[in-house]
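Model the structure of this input:
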Amino acid sequence: MAEEVKSRALVDPSWTAYPHTVLTLGEDSGVRIDLRAPVTTPDRERLIRLGIRPPFAVITACNPNGRIVDTVENSRRTAALRSDLGLRGSPFMFAVGESPDGVHREPGIAVAMPLSAARRIAVAYGQSALFWYDGHAFWLIGALVESVPTRLPL
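Presented below is the predicted three-dimensional model:
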């Protein structure tokens, strides 16, 4: 099924918005990272204190194939993603990606795993892309959308 979805999702009209995402990682004392700016040394230190060591991916299960679905469906998909990652034994934490104005928000997961595995999961959940943190910078990595990995900020 993922291959069938891939052939239909090569273009995502919201693709240009991805590099402008603001990420919040962790639940209570979340660390906010604005992907429009370089990751600072204090940001790196805060990310390490959260307990998830780089490299890691930030993946959502929401709004598959670039289409908006209702809150109930997105919640169901997010729960399934958490369950799948829990079964794999991969360390993960809550994450949220949002537009700079806060109008569009998508819950997701920050998960420590190889990039190839993260990409497979993103494709399985119908995602155009994922964010990858290598310990120095975040990257926009295509999943269903075929794209050259892009170091952020642009």
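
where does this structure dip in pLDDT?
1-10, 29 (pLDDT under 70).

Helices of that one, start to end?
For the chain, applying DSSP state H gives helices covering 2-8, 41-49, 71-88, 115-124.

What is the third one packed up against?
Judged by 3 or more C-beta pairs under 8 Å, 6 or more residues apart in numbering; DSSP states H and E, helix 71-88 is in contact with strand 56-60, strand 92-98, strand 105-111, helix 115-124. (C-beta placed from N, C-alpha, C; glycine too.)

ok now the second one, how far from the chain's centre?
It refers to strand 92-98. 7 Å (C-alpha atoms, centre = their mean, to the nearest Å).

Can you pull out the residues in contact with that strand?
By C-beta atoms under 8 Å, 6 or more residues apart in numbering, the list of residues contacting strand 92-98 from outside reads 21-27, 30, 50-52, 58, 60, 82, 85-86, 104-112, 131.

quick one, that strand and strand 56-60 angle?
Compare the direction of strand 92-98 with that of strand 56-60 by axes from the mean of the first three to the mean of the last three C-alpha atoms, to 10 degrees and you get 60 degrees.

Next: the longest one.
Helix 115-124 and strand 56-60 are oriented at 0 degrees to each other (the same axes, to 10 degrees).

Run through who's touching helix 115-124.
By C-beta under 8 Å, 6+ apart, helix 115-124 touches 2, 5-6, 55, 57, 59, 81, 84-85, 111, 129-130, 132, 141, 143-144.

and the two most separated of the residues you listed?
For those, the maximum inter-member distance is 25.8 Å, found between Val5 and Pro55 (C-beta to C-beta).
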